[in-house]
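Chemist: build me a model:
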Amino acid sequence: MDLVNSKAEDYAKQYTCALDGLLQEIEEYTLAHHRHAQMLSGHVQGKLLEMLSLMLQPKRILEIGTFTGFSALCLAKGLGSDGKLVTLELRAEDAGTAAGYFKKSGLGNRIELLIGDAMEIIPTLTETWDLVFIDADKVNYINYYELTLPSVKKGGWLLADNVLFHGEVLEEKPSGKNAIALQAFNEHVRNDDRVQQALLTVRDGLMLIQKK
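Modeler: Numbers count the residues shown, from 1 in each chain. As a prediction, this is how the structure comes out:
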């Protein structure tokens, strides 16, 4: 299901600031060479992530799901000189691609890339997070949320991507495992009195969550 009219999407891109040269390179490479290129955040959402980070000025960011490094570099734009972004990726090949772009960006000293199962890595992290971006396997969204929320500072933020999942959550009874998992996640957040949230209809759905 196309959630956003293609003409509207093209119009949004036309009136969204251009990505910097490296982000354009990552986008073009991923679209040309990765069989799961649709997982890339893309131009408009990438710029939104960048601007949110610039507004929030986070000192510590956790990203769950690095992919080819595009979203991490968007989020890293808001880090101060003493800021740090930790990003977790299960697939070694994608992590290798991202690591190359991190080095090329000049922001590599502020980005720590950890390879492995996020469910195992997150409990070992000791940081307090200003911002968490969840964009990994959908069936574990609730687990990632519950693992990270206690370590998010009061007033801090979480972003969860793909919460509309190609429109499948709009069905009366979602049937795919990812749509079922994301519907459960959306309900979980809505019923959680520790947070307030807004579901944005950007790209494939982006949940903006603030810890009270």
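Chemist: mind listing the helices in the protein by residue range?
Modeler: Listed in chain order, the helices found in the chain under DSSP state H are 6-14, 21-33, 43-56, 70-76, 92-105, 118-121, 141-148, 177-190.
Chemist: deepest-packed of the ones you listed, please.
Modeler: Per-stretch averages of neighbours, counted by mean count of other Cβ atoms under 10 Å, single out helix 70-76 among the helices of the chain, with a mean of 27. For every residue, glycine as well, the C-beta is placed using N, CA and C.
Chemist: that one packs against which elements?
Modeler: helix 21-33, helix 43-56, strand 60-64, strand 84-89, helix 92-105, strand 129-134 (3 or more Cβ pairs under 8 Å, 6 or more residues apart in numbering; DSSP states H and E).
Chemist: turn those into JSON lines, including mean pLDDT.
Modeler: As requested, the helices and strands packed on helix 70-76 are exported to JSON lines (pLDDT from 0 to 100):
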{"stretch": "helix 21-33", "mean pLDDT": "91"}
{"stretch": "helix 43-56", "mean pLDDT": "96"}
{"stretch": "strand 60-64", "mean pLDDT": "98"}
{"stretch": "strand 84-89", "mean pLDDT": "98"}
{"stretch": "helix 92-105", "mean pLDDT": "96"}
{"stretch": "strand 129-134", "mean pLDDT": "98"}
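Chemist: from the centre of this structure, give me the residue that's furthest out.
Modeler: Within the chain, residue 172 marks the point farthest from the mean C-alpha position, 26.7 Å out by Cα atoms, centre = their mean.
Chemist: that one and residue 181, how far apart?
Modeler: As judged by Cβ to Cβ, to the nearest Å, residue 172 and residue 181 stand 17 Å apart.
Chemist: ok, residue 139 - contacts?
Modeler: Contacts for residue 139 (Cβ atoms under 8 Å, 6 or more residues apart in numbering) come out as 177-178, 181.
Chemist: how about low-confidence regions in the chain?
Modeler: Residues of the chain meeting the criterion pLDDT under 70: 1-2.
Chemist: got the angle for the longest strand along the chain vs helix 177-190?
Modeler: If you go by DSSP state E, the chain has its longest strand at strand 152-161. Going by axes from the mean of the first three to the mean of the last three Cα atoms, to 10 degrees, strand 152-161 is angled at 150 degrees with respect to helix 177-190.
Chemist: what comes up buried for strand 152-161?
Modeler: For strand 152-161, a neighbour-count test (16 or more other Cβ atoms under 10 Å) marks 152, 156-161 as buried.
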